[in-house]
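S.K.: prediction below, plus the sequence it came from.
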Amino acid sequence: TQLLEQSPQFLSIQEGENLTVYCNSSSVFSSLQWYRQEPGEGPVLLVTVVTGGEVKKLKRLTFQFGDARKDSSLHITAAQPGDTGLYLCAGAFNTGNQFYFGTGTSLTVIP
Amino acid sequence: ETGVTQTPRHLVMGMTNKKSLKCEQHLGHNAMYWYKQSAKKPLELMFVYNFKEQTENNSVPSRFSPECPNSSHLFLHLHTLQPEDSALYLCASSQEGADTQYFGPGTRLTVL
């Protein structure tokens, strides 16, 4: 059973365009993380959100945690080729040590 | 540099070989994880160790054997693997009860 679904699965855009990636679940999480992974490397943490409705910004990246803490979105403004990679969301519950990963969104930004 | 290192970065082995993957974290965390990442599949959690004790084993075949001698080191011993075990094996660590984990760079394993 896949707890977190991400959409779209693949995204190819031109440099300078904006995009939004979604991470959805029917479960309520205590926190949610976003990672970016480049080929042959491990995922690198971008942000952790913990409060329903929370919005965090990291330069051109804006992360939002849904009010009900079941979903999240990642918006990239003016995408650049360096944004290319696999974007993963992961949710955690406040019991146990497990993190549940989404299906991933593979982003390609064309110069 | 995330504070989690993995060796080797690449490994090619035959189905009859025995090899081990090593992970070391320099973050003072007390929970460590092994994940398997195959092409076109979500990250699969394999094992979780909390304070050196295994707390999760997600129905992983016995040809994968984890070992956690202390909170900073985690091994994955491999024997009689199958070609479908070829994947990127990722190690991660976190502080028990924390909401974030940090990954190593992974070991790219190819089973011939």
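M.R.: Thanks, I have it. Numbering: from 1, shown residues only, chains lettered A, B, ... in the order given.

S.K.: give the other helices and strands that the helix or strand of chain A with the lowest mean pLDDT contacts.
M.R.: Lowest by mean pLDDT, DSSP states H and E among the helices and strands of chain A is strand A:99-101, with a mean of 88. Packed against strand A:99-101, as judged by 3 or more Cβ pairs under 8 Å, 6 or more residues apart in numbering or on different chains; DSSP states H and E, are the following elements: strand A:85-92. Placement of C-beta: from N, CA and C, glycine included.

S.K.: tell me the strands beside whatever helix or strand comes next after the least confident helix or strand of chain A, with direction?
M.R.: Next helix or strand after strand A:99-101 toward the C-terminus (DSSP states H and E): strand A:105-110. Here strand A:105-110 is paired, per DSSP bridges, with strand A:10-14 (parallel), strand A:85-92 (antiparallel).

S.K.: so which of these is the most surrounded?
M.R.: Of all the strands paired with strand A:105-110, strand A:85-92 has the most neighbours on average by mean count of other Cβ atoms under 10 Å in any protein chain shown, namely a mean of 24.

S.K.: contact residues of chain B facing chain A?
M.R.: B:2, B:4, B:6, B:31, B:33, B:42-43, B:45, B:48, B:50, B:55-56, B:88, B:90, B:92, B:94, B:96-97, B:99-106, B:108 (Cβ under 8 Å from any Cβ of the partner chain).

S.K.: show me what contacts the residue most central in space within chain B?
M.R.: In chain B, the C-alpha nearest the mean C-alpha coordinate belongs to residue B:34, at 3.1 Å (Cα atoms, centre = their mean). By Cβ atoms under 8 Å, 6 or more residues apart in numbering or on different chains, residue B:34 lies in contact with B:23, B:45, B:46, B:47, B:66, B:74, B:76, B:89, B:90, B:91.

S.K.: I am finished for the moment; much appreciated.
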